[in-house]
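# Sequence first, predicted model second:
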Amino acid sequence: MVLFSGDNLRCFRGERTVFANLSFCCPGGGALLLRGPNGTGKSTLLRLMAGLLKAENGTIAWDGADIADEPEDHNGRLHYVGHADAVKPVLTVTENISFWAALRPQQAQISDALAAFGIDYLADVPGRFLSAGQKRRVTLARIIASPARIWLLDEPTTALDAGAIVDLQREIARHRANGGMVIASTHAEIGLADAEILNLDAFQLTEQAA
Amino acid sequence: MSGFWTIVRRDLKLAQRQGMDSYMVVAFFVIAVVLFPFGVGPEANILARISSGVIWVAALLAAMLSLERLFQIDFEDGSLELMALQPVPLEVVVMAKITAHWLTTGLPLLVATPLLAVFMNLPYEGFWVLVLTLAIGTPSLSLIGAIGAALILGSRRGGVLLSLLILPLYIPVLIFGVSAVDGAISGLSVKAHLLIMAGLLVAALPLCPWAGAGAIRQALET
Amino acid sequence: MIFHKYANPNRFLKLATTIQPWAAGATGLFFVTGLYFALLASPGDYQQGETVRIMYVHVPAAWMAMFCYTAMAMAAAVGLIWKHPVADLAARSTAPIGACFTFLALFTGSLWGKPMWGTWWVWDARLTSVLILFFLYLGYMALANAFDDPARGSKAAAILALVGAVNVPVIKFSVDWWNTLHQPASVVKIGGPAIHSSMLVPLILMALAFKAYYIWVLLIRIRGEINAGKIRALRLRQVHGGPPPIAARPSQGVN
């Protein structure tokens, strides 16, 4: 069974230590929910897992191998959903999604991805006409359009309505049933009741540690 | 390599749909050159004497103006961090974006050159050498400028800063470009100039995407 | 919340405290003796007369201009590769000093040029190269200070310093080429190959004075940067680390 894990991570950003001594572990099919007040480093940890940031200390490993050794391989097995939607205003929804899918080795049907989030009727609409919620659906459809083992979701439900959250719950369940893993920071209910919870408040350095 | 062409095609499509970009660069190029007859007077001899330098400097400034947006828009809307998270090496992404930049700005500049050569009364012997030096030189400008465009990501005052960073680095390309044209006009051999320019391009081809990718990585660490 | 090693490189501070007075002393000593020889105890040039004394400032300044850029690029490389925090600060702190030396070289060159060439500025290959070097310094400093997070500015500027360092020989070569093409009026090179020892002594003393001055000011600047980092860390502690410990609070008054 594959394992996505981090060991003894310490992250330093913007001249302060965000967290330290943090370890996590997520098996195939598993889910990890990041919790903690603002500023405790939920987004930082997700970016660290994606390889966008480097840890000051500690390693993140896929199946025992440090992800920093083969960054392109790691990129190939993850999808990252950040705060920005990266939807180009002059490209249609289909063009937006197929561009990202084309950069990856495996692709699914774009139409299936659109249908999963109920935006198949928007397929030929340029991005500039979309509402914030619709753009978010496009972003989520992007990660369905090419399969990847790890989903890193940073507040995925921002701007989503109840219907879209149901779609997201269903897709997450399907992804996990296929052996995928989900690591998310959210306060909304996205069908991760059985997820392991990582509370980042526990890894803040105290005054005494200084 | 398929990732490379996917990004080039996408950037060309973006440039074509939001239009204007190439058009504005060429318009700037033409207007900047046309200012000179007003500044130094319409005397044919003087214009001919300074034509190669003026056209080259204007081309350099025009190429630089469009560079600010090379990574900026993708950086702001989150596309750049997603590109850094694809199984395509970031250096290839940078190279693809530089290629698209050259196709949408460097190439149109070349097309506009004959018009400006006529305006500036450029002697005929220098014309083809001018086109050739621009053809070899403008890719170097895009390559070197890409480093600057990557370095200013997330900074205050991007555009002015960019010119301060890269104009000094453009000086060698300018010197050899202009002196090749002047050499051709005075009937000298220009092989050495062209070879040096080609050498600069060959050196910039691997180094600039590498440095640019490094600059983007540190920009994304925020 | 801890101070990162960036904000608290104690070992460096200890070393700096030891070296700094020595550097200051050496600066004073070399300047006094150097200026004595340069201005009083050395002969005027048979061709250039008293203006040759400008050379004792100009030449060491030009040397320092190149030296500082090299030092800055090397510190930048160390900072990028080994992520050494003091190296980042050293690169950042060297830039304004190097820019001042470069400006001094240009300025004194111009002063010397007026009586020698009859004009304040000549597009001589050396002057032109130094002018471009000055622009490289300006670009570095502008980039280093263009970000809200100084660490980010240091990193971006470090990449620029390395790109610049690769380019300096290319620029030098192209400017020499350009200069031979557009041969200007014959130029008296500052400091020909044969320098009499009476001129060499003040030159070397002044060069040593400039170098000691560089080390002295560099240490002051790095300490300043470290203190600025500590202040920022304290501010951040207010934002992220909850209220400050009771003892650290002002005894009375809230503003």
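That came in fine, so what should we check first? Numbers count the residues shown, from 1 in each chain, chains lettered A, B, ... in the order given.

# what about the stretch 51-200 of chain C, any weak spots by pLDDT?
Filtered on pLDDT under 70, the stretch 51-200 of chain C yields the residue ranges C:182-195.

# mind redoing it with 80?
For the stretch 51-200 of chain C, the stretches with pLDDT under 80 are C:51-52, C:116-117, C:179-199.

# Chain B now?
Across chain B, residues meeting the criterion (pLDDT under 80) sit at B:1, B:19-21, B:157-158, B:222.

# Do you have the helices of it handy? List them.
Residue ranges of the helices in chain B, as given by DSSP state H, are B:2-17, B:21-40, B:44-67, B:69-76, B:79-83, B:90-101, B:107-119, B:124-151, B:158-185, B:191-220.

# Run the chain-centre distance for stretch A:79-91.
Computed by Cα atoms, centre = their mean, to the nearest Å, the chain-centroid distance of stretch A:79-91 equals 13 Å.

# List the buried residues in it.
Neighbour-count burial for stretch A:79-91 flags A:79-82, A:84-88, A:90-91 (criterion: 16 or more other Cβ atoms under 10 Å in any protein chain shown). (C-beta placed from N, C-alpha, C; glycine too.)

# do the same with stretch C:39-46
Within stretch C:39-46, the residues scored as buried using 16+ other Cβ under 10 Å are residue C:42.

# Then stretch A:45-54?
A:45-53.

# can you give me how far it is from the chain middle?
11 Å.

# The residue of the stretch 1-150 of chain C found nearest chain B - nearest residue in space that isn't next to it in sequence?
Closest approach between the stretch 1-150 of chain C and chain B, counting by Cβ to the nearest Cβ: residue C:146, at 3.8 Å. Distances taken as Cβ to Cβ, 6 or more residues apart in numbering or on different chains put residue B:155 closest to residue C:146, at 3.8 Å, once the chain neighbours are dropped.

# For that neighbour, give me its contacts.
B:161, C:143, C:146-147, C:153, C:156 (Cβ atoms under 8 Å, 6 or more residues apart in numbering or on different chains).

# so how far is stretch B:150-165 off the chain centroid?
The answer for stretch B:150-165 is 16 Å, by Cα atoms, centre = their mean.

# re earlier: now do the contacts for the residue of the stretch 1-150 of chain C closest to chain B.
Residues near residue C:146 by Cβ under 8 Å, 6+ apart: B:152, B:155-157, B:161, C:153, C:156.

# Could you say which helix or strand holds it?
Assessed by DSSP states H and E, residue C:146 sits outside every helix and strand.

# quick one on the thing from earlier: of all the contacts of residue B:155, which comes closest to chain A?
Distance to chain A across the contacts of residue B:155 (Cβ to the nearest Cβ) is lowest for residue C:147, with 10.9 Å.

# burial of the closest residue to the closest one other than its chain neighbours, as a residue count?
Nearest residue to residue C:147, sequence neighbours excluded (Cβ to Cβ, 6+ apart): residue C:153, at 4.0 Å. Counted by other Cβ atoms under 10 Å in any protein chain shown, the residues lying close to residue C:153 total 20.

# So which other helices or strands are in contact with the strand or helix carrying residue C:153?
Assessed by DSSP H and E, residue C:153 sits inside helix C:150-181. Applying 3 or more Cβ pairs under 8 Å, 6 or more residues apart in numbering or on different chains; DSSP states H and E, one finds that helix C:150-181 makes contact with helix B:124-151, helix B:158-185, helix B:191-220, helix C:55-82, helix C:85-117, helix C:125-144, helix C:197-240.

# just checking, residue C:99 touches residue C:138?
Yes - using Cβ atoms under 8 Å, residue C:99 is in contact with residue C:138, at 6.7 Å.

# residue contacts, residue A:71?
Residue A:71 makes contact with residue A:51 under the criterion Cβ under 8 Å, 6+ apart.

# re the thing from before, rebuild the contacts of residue B:155 as CSV, extending it with distance to residue A:205.
Output for the contacts of residue B:155, formatted as CSV (distance: Cβ to Cβ, whole Å):
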residue, distance to residue A:205
B:161, 36
C:143, 32
C:146, 30
C:147, 25
C:153, 25
C:156, 28
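
# so which of the contacts of residue C:146 is the most crowded?
Scoring the contacts of residue C:146 on neighbours with other Cβ under 10 Å, the highest-scoring entry is residue B:152 at 31 neighbours.

# ok, that residue to residue C:91 distance?
According to Cβ to Cβ, to the nearest Å, residue B:152 stands 18 Å off from residue C:91.

# again, but for residue A:125
Taking Cβ to Cβ, one finds residue A:125 at 50 Å from residue C:91.

# which of these two has more neighbours?
Neighbour tally, residue A:125 and residue C:91, criterion other Cβ under 10 Å: the higher count belongs to residue C:91, 25 against 15.

# Residue B:206: neighbour count?
Neighbour count of residue B:206, defined by other Cβ under 10 Å: 12.

# what does residue C:49 give?
Residues near residue C:49, counting by other Cβ under 10 Å: 11.

# Name whatever forms a beta bridge with it.
residue C:45 (DSSP bridges).

# Can you tell me the closest non-neighbouring residue to the residue sitting nearest the centre point of chain C?
Centroid-nearest residue in chain C: residue C:98, 2.0 Å away (criterion: Cα atoms, centre = their mean). Spatial nearest neighbour of residue C:98, chain neighbours left out: residue C:68 (2.9 Å); criterion: Cβ to Cβ, 6+ apart.

# Quick check: nearest residue in space to residue A:36, chain neighbours excluded?
Distances taken as Cβ to Cβ, 6+ apart place residue A:200 nearest to residue A:36, at 3.5 Å, with adjacent residues excluded.

# and the one you found, what does it touch?
With contacts defined as Cβ under 8 Å, 6+ apart, residue A:200 is in contact with A:19, A:22, A:34-36, A:40-42, A:45.

# So it versus residue A:97, what's the distance?
32 Å.

# number of nearby residues for the nearest residue to residue B:53 once chain neighbours are set aside?
Among residues not flanking residue B:53 along the chain, residue B:178 sits closest, at 5.0 Å (Cβ to Cβ, 6+ apart). Residues near residue B:178, counting by other Cβ under 10 Å, number 24.

# Got the phi and psi for the closest residue to chain A within the stretch 51-200 of chain C?
Using Cβ to the nearest Cβ, the single residue of the stretch 51-200 of chain C nearest to chain A is residue C:149, 5.5 Å away. Dihedral angles of residue C:149 (phi, psi; degrees, to the nearest 10) stand at phi -100, psi 110.

# Now do the strands in chain A.
In chain A, the strands defined using DSSP state E lie at A:3-13, A:16-27, A:31-35, A:57-62, A:65-66, A:78-81, A:150-154, A:181-185, A:196-199.

# Would you convert these into TSV that also reports distance to chain B and mean pLDDT?
Listed next are the strands of chain A as TSV, based on distance: least, Cβ to the nearest Cβ, whole Å; pLDDT from 0 to 100:
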stretch	distance to chain B	mean pLDDT
strand A:3-13	8	87
strand A:16-27	13	87
strand A:31-35	18	91
strand A:57-62	14	90
strand A:65-66	16	89
strand A:78-81	5	94
strand A:150-154	9	93
strand A:181-185	14	93
strand A:196-199	21	86
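
# Can you show me the helices along chain A?
Taking DSSP H to define them, one finds helices in chain A at A:42-50, A:71-76, A:93-102, A:110-116, A:132-144, A:162-177.

# Mind putting these into CSV with mean pLDDT?
Below are those laid out as CSV (pLDDT from 0 to 100):
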stretch, mean pLDDT
helix A:42-50, 92
helix A:71-76, 91
helix A:93-102, 94
helix A:110-116, 90
helix A:132-144, 93
helix A:162-177, 92
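
# Out of the ones you listed, the one nearest residue B:126 is which?
Closest approach to residue B:126 among the helices of chain A (Cβ to Cβ): helix A:93-102, 43.1 Å.

# Please name the bridge partners of residue A:34.
Residue A:34 has these beta-bridge partners by DSSP bridges: residue A:185, residue A:198.
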